[in-house]
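> Sequence first, predicted coordinates after that:
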Amino acid sequence: MNLKKVTMTDLNLRLRENLAGEYFIEEECLNCGICHSIAPDFFSRTEKSGYHYVVRQPQRADELELVNEAMDSCPVEAIIRKKLME
């Protein structure tokens, strides 16, 4: 799992389209679509900005596994898990 330390800068770069919660996508998103191909129920894309964003937060272990796989697969580490700050 990508254990990038979350900073205030990361939080400031959070895309506003993200559903509030533990996971979010930053402005660094390249719009490659890997996250959506791995976990389509949790990530979507906006035509306006061209970024992907979190539309649903994982609740169950199988959902967490999918979202974590998407996070680990992101080529620019744009998927952040806010809980890592703690």
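Cool, got the structure.

> Which single helix of this protein contains the most residues?
As assigned by DSSP state H, the longest helix anywhere in the chain is helix 61-73.

> by contact count, what packs against that one?
helix 34-38, strand 79-81 (3 or more Cβ pairs under 8 Å, 6 or more residues apart in numbering; DSSP states H and E). The way it works is simple: take the backbone N, C-alpha and C, and place the C-beta from them, glycine included.

> If I average pLDDT within each of the ones you listed, which one is lowest?
Of all these, mean pLDDT reaches its minimum on strand 79-81 (a mean of 91).

> That strand pairs with which strands?
Sheet pairing of strand 79-81 (DSSP bridges) gives strand 23-25 (antiparallel).

> for the record, mean pLDDT for the partner strand?
93.

> Quick one: residues in contact with that strand.
Strand 23-25 has contacts (Cβ atoms under 8 Å, 6 or more residues apart in numbering) with 14-15, 18, 35, 42-43, 51-54, 57-58, 67, 71, 78-82.

> Got phi/psi on Ser44?
phi -140, psi 180 (degrees, to the nearest 10).

> Now it: closest residue in space, sequence neighbours ignored.
Val55 (4.5 Å; Cβ to Cβ, 6 or more residues apart in numbering).

> what's the answer for Cys32, then?
Nearest to Cys32 is Pro75, by Cβ to Cβ, 6+ apart, at 6.4 Å.

> Now for the one you found: which residues touch it?
So Pro75 contacts Leu30, Cys32, Ile34 (Cβ under 8 Å, 6+ apart).

> what sits against the last one?
When the contact criterion is Cβ under 8 Å, 6+ apart, the partners of Ile34 are Ala70, Ser73, Cys74, Pro75.

> could you measure it against Val67, distance?
12 Å (Cβ to Cβ, to the nearest Å).

> ditto for the first one
The gap separating Leu30 from Val67 is 18 Å, by Cβ to Cβ.

> Between these two, which is the more surrounded one?
More crowded of Leu30 and Val67, by other Cβ atoms under 10 Å: Val67, with 23 against 13.

> For Gly67, list the residues it contacts.
Gly isn't right for residue 67; it's Val. Tyr23, Ala39, Phe42, Pro58, Ile79.

> Check it and give its pLDDT.
The predicted local confidence for Val67 is 97.
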